[in-house]
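S.K.: Could you work out the structure for the sequence below:
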Amino acid sequence: MDIDQIVSDLMKAERQPLNKMEQDKEWLTWQRDAYRDVNKQLGELDTLAFDMKLERTYNSKSVSSSTDAVSATASSAAGNGDYTLSVEKLATSAYNFSETTLTKDGAIFDPDADLSTQQGNLKNNLTLGETFSITTYNEDGTKNTQSFDVTGDKSLNDILSEISDSDLGVRAFYDESADKVMMERTVTGNFNQDENEFLGAEIGFDGSAEFLATTLGIKNGDNSSGTWKLNEKGGQDAEFTYNNGLKISSHSNNYTLNGVTFNFNDVTDGNVKLSVSNNVDDALDKIVEFVDKYNKIIEDLNGKVQEKKYRDFSPLTDKQKEDMEEREIELWDEKAKSGLLRNDSVVEGALVKMRENWYTPVQNTGNFTMMSEIGITSSSNYRDAGKLTITETDLRKALREDPESVHQLFSGTDEQPGIARRLETSIQETVKSIEQKAGKSTSLDNNFILGNRIDDLDDAMDSFQDRLNNIEDRYWREFGAMEKALQRMNSQSAFIMQNFSG
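M.R.: Sure thing, here's the model as predicted:
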């Protein structure tokens, strides 16, 4: 007897309940993932709904300028109209550099080598072991002072890097082609208003700093004429005149006035005019994006709850897949996964609530209470099942003439919620209901309904597999004993036949 084949055939029949449990588990896993995909889409819509509550979504501004010398951006609080100004000075960064070259004639100076090895290559005296300090100033008038050590085991670039990496707001570097050191502030403006401190320098140090003043030839001031003058260049504030009368200075080349941030690119030849107006295109694009996302979700969810379920196509087990081509498996799974959320009450309920959110009037202090008043209406095609259409001319007109009323229509208040707030509430309720059924990616299986059912199936499958193992062992024992009995019978039959033939 072919016992292997007999036992294999018998076990195929015994495994049928286990195959069914495997298919049920696969179906539940697919359904769980389908629910989570719904929540993912609703989460994306919820993010857009939050933006639709913000005033800046509807009151974004655009600014035009009569010249490239001045540009501007405007916040939602900026007043519309013309702004006139003239720029007399641009803000600049303070800088100071070596008055003479550092290297002796014919010598080669290595800025990355230890200073102890480079003393003979420098034109000016270098005293090792010195400590020098640099002081800079903040906008509020406070000082930043930091000290640096000049030791033989440091290179020039090491010390300059320490300066650049400090909190002084100074960039220091050595340029080999010029053979000089440059130090400059990383911000523009005049912060040191006291000429008695380092002659008003933004990068301040006193004459006792021999490494800076002598070795590197960087000096705060010059007294060759008998009067101390500041060597440092730049470090001035921007100066402009607003509306032909108001003189204003700024440490940087931008300044915010009445919600408009002016950016100074160059001094101007007289007055320039900038015009602030509502950016209807930007607001329109955001509303269209929101409605398009809503329509896409409506279409997808309607498709899920109406999707046909093919009951003859159950999920394939691993053993079934072994006998199929990859393309066959793909086509089978496509049918098997169809109808995962067919007639699902949670998803259908969400669709009904979201449609009601759009069509129910909004009580507010603005001029619009219905979406149809700003050009957003339900599609006339019944097949669209609640999708929205936008009449761009009507929406553009509402945004241009009364953006605040459009904002109130979408946002509303906690007591009288607008469209976006209603959608947020509906989405959050749906997401919570789905999470109770399908959890989320971080949930443990025993914390949601489908997870518990999957766990129960896993336990049942483990128990059934143990039972199958016992049944298979019993079959092998029984057929093994049968085979031995047949062998004894055949031996006795052969013995008898041999004796009779004799």
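S.K.: And the lengthiest helix in the chain, what does it pack against?
M.R.: When the chain is parsed with DSSP state H, its longest helix is helix 449-501. Applying 3 or more Cβ pairs under 8 Å, 6 or more residues apart in numbering; DSSP states H and E, one finds that helix 449-501 contacts helix 3-14, helix 16-52, helix 419-438. From N, CA and C alone the C-beta is placed, and that goes for glycine too.
S.K.: between these, which one is nearest to residue 240?
M.R.: Among the helices and strands packed on helix 449-501, the nearest to residue 240 by Cβ to Cβ is helix 16-52 (34.7 Å).
S.K.: Now that closest one: buried residues?
M.R.: Across helix 16-52, burial judged by 16 or more other Cβ atoms under 10 Å covers 18-19, 21-26, 28, 31-32, 34-36, 38-39, 41-42, 45-46, 48-49, 52.
S.K.: Next: stretch 405-423.
M.R.: Applying 16+ other Cβ under 10 Å to stretch 405-423 flags 405-412, 417-423 as buried.
S.K.: Helices of the stretch 251-400 of the chain, residue ranges please.
M.R.: All helices of the stretch 251-400 of the chain, identified by DSSP state H, counting those that start in this stretch, fall at 280-306, 318-322, 326-336, 345-359, 392-401.
S.K.: Mind checking these for the one nearest to residue 429?
M.R.: Using Cβ to Cβ, the helices of the stretch 251-400 of the chain put helix 345-359 closest to residue 429, at 7.6 Å.
S.K.: now the closest one against helix 280-306, angle please.
M.R.: Comparing the axes of helix 345-359 and helix 280-306 via axes from the mean of the first three to the mean of the last three Cα atoms, to 10 degrees yields an angle of 150 degrees.
S.K.: Need the residues that contact helix 345-359.
M.R.: 38, 42, 294, 298, 301-302, 304-305, 341, 371, 376, 378, 385-386, 388, 419, 422-423, 426-427, 429-430, 433-434, 437 (Cβ atoms under 8 Å, 6 or more residues apart in numbering).
S.K.: Restricting to C-alpha, output stretch 160-170 in PDB.
M.R.: Output in PDB follows, covering the C-alpha atoms of stretch 160-170 (Å, rounded to 0.1, in the frame of the first residue of the first chain):
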ATOM      1  CA  LEU A 160      39.400  81.800  13.800                       C
ATOM      2  CA  SER A 161      37.100  78.700  13.900                       C
ATOM      3  CA  GLU A 162      36.700  79.200  17.700                       C
ATOM      4  CA  ILE A 163      35.600  82.800  17.000                       C
ATOM      5  CA  SER A 164      33.200  81.800  14.300                       C
ATOM      6  CA  ASP A 165      31.700  78.900  16.400                       C
ATOM      7  CA  SER A 166      31.200  81.100  19.400                       C
ATOM      8  CA  ASP A 167      28.000  83.000  20.400                       C
ATOM      9  CA  LEU A 168      29.500  86.300  19.300                       C
ATOM     10  CA  GLY A 169      27.800  86.300  16.000                       C
ATOM     11  CA  VAL A 170      31.100  86.900  14.200                       C
END
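S.K.: starting at the chain centroid, how far to that stretch?
M.R.: Computed by Cα atoms, centre = their mean, to the nearest Å, the chain-centroid distance of stretch 160-170 equals 32 Å.
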